[in-house]
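Visitor: need the 3D shape of this:
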Amino acid sequence: MQHLLANPNDYLTHLDWSHTAAALLPPPSRHIALAERKPYALFGAEHIDQGAIHQMETAMKLPVTVAGALMPDAHHGYGLPIGGVLATDNAVIPYAVGVDIGCRMALSVFALPPKHLEQRVQELRKLLIDNTRFGNRDVFRHGQKLDHAVLDRAEFQEISFLRNKLDTAATQIGSSGGGNHFVEWGMVDILDPANELGVPVGQYLGLLSHSGSRGLGASIANHYTKLAKDVCQLPSEAQHLAWLSLESEAGQEYWAAMNLAGDYASACHHQIHQRLAKALGERPLAKVENHHNFAWKERLATGQEVVVHRKGATPAGAGVLGVIPGSMTAPGFIVRGRGEATSLASASHGAGRAMSRTRAKQELGEADVRRYLQQHHIELIGGGVDEAPQAYKDIHAVMASQHDLVDVLGTFTPRIVRMEGGV
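Guide: Sure, this is the predicted structure:
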């Protein structure tokens with residue numbers, strides 16, 4: 001017995017004493033050291049701030065990291081930078097997915113000419129006000145709600161953490177978040193006659209929305225990040241990159257909850273477009289939808305299966321369609337992915353911020369922003385100076401930095417924009 005107490009390692013395979021020996025050993029350390037930084041691809045380095053690059057460098061030192069890429073719209077975030085793409089080995093990082101899980105773009109193209117935007121501005125403005133809701137307080141009331149099968153999903157009962165989240169999800173479905181989320185009317189210009197949308201070259205009325213999984217996604221992100229930080233204690237500069245093994249119960253739970261949140265975000269967009277198409281009295285000719293702030297199981301060119309996190313990055317696999325927005329006064333782009341391996345089949349998710357929200361509020365005046373919008377013939381409902389067009393990078397420069405990643409099929413030019421507030 002004294003030998004067992006003094007040397008428990010010698011008894012770990014003993015038929016009778018293995019459990020006792022294991023109990024005598026100190027618990028394994030949860031402190032994890034960073035490894036040597038792995039190389040990663042950088043697109044449009046001249047457009048990216050040093051804070052984002054430093055965050056990406058840290059992410060490339062994680063022991064579970066396999067590969068990475070940084071998009072030209074990248075800027076500083078929490079954990080992985082916005083615009084960061086990270087491939088890991090059998091591990092998922094909640095903060096490399098992001099707080100707004102499944103945030104996405106959705107575009108509907110209608111068979112109405114662009115002059116519809118000029119002749120019926122007030123009518124289209126009213127349609128946005130009547131059929132969209134933004135933020136946590138402004139939701140659709142009883143009798144206005146639309147049902148959706150996502151609210152019947154088994155995960156709301158099977159995952160204990162989600163059991164009290166269904167009511168919030170049901171309350172907020174069909175609405176949009178605050179911040180940089182929007183629903184807007186604009187002009188679609190189809191440029192490529194070989195586009196997969198089946199829409200002839202020409203100009204059309206378009207509806208573009210940007211939002212995510214609302215309170216549901218945020219609660220999932222925060223809960224599982226806390227669990228990850230408890231089991232995966234990293235140095236302070238990497239603490240927001242704590243991961244969960246996909247072999248662990250918590251990792252499997254997060255994966256299921258993340259996919260639920262992504263489907264919920266998609267359901268919100270479907271309801272937004274359903275309401276507005278009905279109010280407009282038109283069926284869309286085509287739709288394009290893509291998401292970011294998500295993780296996918298994919299295979300690298302080497303054949304290795306990895307978990308690819310795209311935090312503010314657009315999936316751009318070969319033939320995959322997406323929308324990369326600009327700003328209120330700059331066009332967005334309808335794109336087809338080229339499946340570029342060095343970018344982990346990814347592209348930017350927008351123009352990216354040139355100013356932080358704080359700096360924008362300090363440097364931009366509301367009157368100047370309104371004047372700027374008027375000069376560009378933009379009708380804005382709600383919004384704040386932190387979302388002013390001047391706070392964003394030049395989308396044309398960003399697109400030029402990723403011409404090897406996507407092909408452009410068309411553009412979307414905003415005209416009437418709805419964001420949180422203003423009514």
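
Visitor: strands of the stretch 301-423 of the chain, start to end?
Guide: With DSSP state E, counting those that start in this stretch as the criterion, the stretch 301-423 of the chain has strands at 305-311, 313-315, 321-324, 332-337, 346-348, 379-381, 406-418.

Visitor: shouldn't Tyr40 be in contact with Ala69?
Guide: Yes. Checked against C-beta atoms under 8 Å, the pair Tyr40 and Ala69 is within contact range at 5.8 Å. Any C-beta I mention is one placed from the backbone N, CA and C, and that applies to glycine too.

Visitor: if I look at Gly77, how far off is Arg283?
Guide: Here the criterion is C-beta to C-beta, to the nearest Å. By it, Gly77 lies 38 Å from Arg283.

Visitor: ok, the nearest residue to Asp404 once chain neighbours are set aside - contacts?
Guide: Once flanking residues are discounted, Asp404 sits nearest to Glu340: 5.8 Å by C-beta to C-beta, 6 or more residues apart in numbering. Contact analysis of Glu340 by C-beta atoms under 8 Å, 6 or more residues apart in numbering lists Ala316, Asp404, Leu405.

Visitor: try it again at 10 Å.
Guide: Residues near Glu340 by C-beta atoms under 10 Å, 6 or more residues apart in numbering: Ala41, Phe43, Ala69, Ala316, Gly317, Ala318, Ser346, Ala347, Gln402, Asp404, Leu405, Val406.

Visitor: the first one contacts Ala313, correct?
Guide: It stands for Ala41. No. In this structure Ala41 lies outside contact range of Ala313 using C-beta atoms under 10 Å: 11.9 Å.

Visitor: which of those two has more residues huddled nearby?
Guide: Ala313 (30 against 16; other C-beta atoms under 10 Å).

Visitor: on the strand side of things, show who the more buried one bridges to.
Guide: Beta-bridge pairing for Ala313 (DSSP bridges): Ser348.

Visitor: hang on, isn't it packed against Ala347?
Guide: Yes. Between Ala313 and Ala347 there is a contact under C-beta under 10 Å: 6.9 Å.

Visitor: sorry, back to before: which neighbours do Ala41 and Ala313 share?
Guide: Residues touching both Ala41 and Ala313 (C-beta under 10 Å, 6+ apart): Ala69, Leu70, Met71, Val85, Ser343, Leu344, Ser346.

Visitor: over to the first one. Which of the three states is it?
Guide: The three-state label given to Ala69 by DSSP: H, G, I helix; E, B strand; the rest coil is strand.

Visitor: which residue ranges form the helices in the stretch 1-150 of the chain?
Guide: 2-6, 18-24, 50-59, 94-97, 115-119, 121-131 (DSSP state H, counting those that start in this stretch).

Visitor: format those helices as a markdown table; extra columns: distance to Val201, mean neighbour count and mean pLDDT.
Guide: Compiled in a markdown table, the helices of the stretch 1-150 of the chain are given as follows (distance: least, C-beta to C-beta, whole Å; neighbours: other C-beta atoms under 10 Å; pLDDT from 0 to 100):
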| stretch | distance to Val201 | mean neighbour count | mean pLDDT |
| --- | --- | --- | --- |
| helix 2-6 | 80 | 10 | 63 |
| helix 18-24 | 69 | 13 | 55 |
| helix 50-59 | 37 | 19 | 96 |
| helix 94-97 | 37 | 28 | 97 |
| helix 115-119 | 18 | 15 | 91 |
| helix 121-131 | 24 | 16 | 96 |
